[in-house]
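Colleague: Sequence and computational prediction follow.
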Amino acid sequence: MAMESYKKLVLYEDMNCHLSVEVVSRVAYLHCEVFNWKVSTARRLYSALNTFLLSCEERDIVQVYTITPNPRFAEMYGGRHCGYVKYQEKDYEVFKWDLKFSQT
């Protein structure tokens, strides 16, 4: 069995936040940490995420997900709630972004 492709990309980073994505077999998993929440931080994150989502087709990414204990980020930026998971006794929500070109 062949090993799945894996890439980690930093989408945006400054002293207030970090937004990255891991890509495994055409599926992207978003990771976001915010250290100092400000309106300007929210705008920068939105811009970086939107740029990434628009590039998914050319990157051959067909699905985008995040798993979060605080769904505010995912809801604000267009993620659609699609489930719950429990990990190490903590509850998390699963969000998915619908990609316009994807049929999955």
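Modeller: Received, thanks.
Colleague: ranges for the helices of the protein?
Modeller: Remark: helices assigned in the chain by DSSP state H are 39-55, 72-76.
Colleague: CA atoms of stretch 7-21 as PDB?
Modeller: Extracted C-alpha coordinates of stretch 7-21, given in PDB (Å, rounded to 0.1, in the frame of the first residue of the first chain):
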ATOM      1  CA  LYS A   7       1.900  18.500   3.100                       C
ATOM      2  CA  LYS A   8       1.700  21.200   5.800                       C
ATOM      3  CA  LEU A   9       1.300  24.800   4.500                       C
ATOM      4  CA  VAL A  10       1.400  28.000   6.600                       C
ATOM      5  CA  LEU A  11      -1.400  30.200   5.200                       C
ATOM      6  CA  TYR A  12      -0.900  33.200   7.500                       C
ATOM      7  CA  GLU A  13       1.200  33.900  10.500                       C
ATOM      8  CA  ASP A  14       2.000  37.000  12.600                       C
ATOM      9  CA  MET A  15       2.400  37.700  16.300                       C
ATOM     10  CA  ASN A  16      -1.500  37.600  16.800                       C
ATOM     11  CA  CYS A  17      -2.300  34.400  15.000                       C
ATOM     12  CA  HIS A  18      -1.300  31.300  13.000                       C
ATOM     13  CA  LEU A  19      -3.300  29.700  10.200                       C
ATOM     14  CA  SER A  20      -2.000  26.500   8.600                       C
ATOM     15  CA  VAL A  21      -3.400  23.500   6.700                       C
END
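Colleague: Please work out the average pLDDT along it.
Modeller: Mean pLDDT, stretch 7-21: 93.
Colleague: low-confidence ranges in this protein?
Modeller: 1-6, 101-104 (pLDDT under 70).
Colleague: Spatially, which residue comes closest to the spatially most central residue of it, not counting chain neighbours?
Modeller: The residue lying closest to the centre of the chain (CA atoms, centre = their mean) is L30, at 2.5 Å. With CB to CB, 6 or more residues apart in numbering as the criterion, L30 has its nearest non-adjacent residue at 4.1 Å, and that residue is T66. Where C-beta positions appear, they are placed from N, C-alpha and C, glycine not excepted.
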